[in-house]
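**Student:** next come a sequence and a model predicted from it.
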Amino acid sequence: MSVAAAARRRREQGAARYRPEVVDTLLVAEAPPSALDRYFYFEDVPVHDSLFRHVVQAVLGDRPTREKVPYLEELRERGWFLVHMSEEPFRDRGVLPPLLPDLLARCELLSPRRIVVVGTRLFDLVHRPMRDAGLPVVDVRLPYPGSGQQRRFLDGMRLVV
């Protein structure tokens, strides 16, 4: 098994462990990090876990410690779940548009009460098609919580939570 295939399998297993029985709020982001040791659902991520930390802060009202399990369990209990448009890291955003039909199908299968898109460029790409497909996408353009956008992310999440 290749390194990329093993990493994808590990990400799938991590996400499956914390997938709620009923998805209330589905977060959609572009892609998992290119660093193979980092991922929202990995329990041991010592650095650069910005999306996880800021989702926990916005949803649970806590500044999380590096002990992720209790927070992941609480997000699962509250029905929060994250998927990525691309299930593989990428360098060229041109890979995203052809993935739109698959993303829409996965969102329909999960039947969330609402969908929150993380990342302004991703929002611009998927919001209208999601809305046109009848999916419950929230009309809040959230930046990814990195590169100085953490406060704007948290402010936008207040409208969602």
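**Tutor:** Here it is on my side, so go on.
**Student:** from here on, contacts and neighbour counts on C-alpha atoms
**Tutor:** OK.
**Student:** give me the low-pLDDT residue ranges for the protein?
**Tutor:** Judged against pLDDT under 70, the chain has no low-scoring part.
**Student:** all strands for it, in order.
**Tutor:** In the chain, the strands defined using DSSP state E lie at 25-29, 80-84, 114-117.
**Student:** and these: which comes nearest Gly146?
**Tutor:** Smallest distance to Gly146 across the strands of the chain (C-alpha to C-alpha): 12.9 Å, for strand 25-29.
**Student:** let me see the contact set for Leu103.
**Tutor:** Met85 (C-alpha atoms under 8 Å, 6 or more residues apart in numbering).
**Student:** hang on, the earlier thing: how about the strands of the chain in CSV, adding mean neighbour count and distance to Arg19?
**Tutor:** CSV is the format used below for those (neighbours: other C-alpha atoms under 10 Å; distance: least, C-alpha to C-alpha, whole Å):
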stretch, mean neighbour count, distance to Arg19
strand 25-29, 22, 10
strand 80-84, 21, 6
strand 114-117, 23, 15
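**Student:** is it possible to get a markdown table of those strands that adds distance to Val59?
**Tutor:** Below are the strands of the chain laid out as a markdown table (distance: least, C-alpha to C-alpha, whole Å):
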| stretch | distance to Val59 |
| --- | --- |
| strand 25-29 | 11 |
| strand 80-84 | 9 |
| strand 114-117 | 12 |
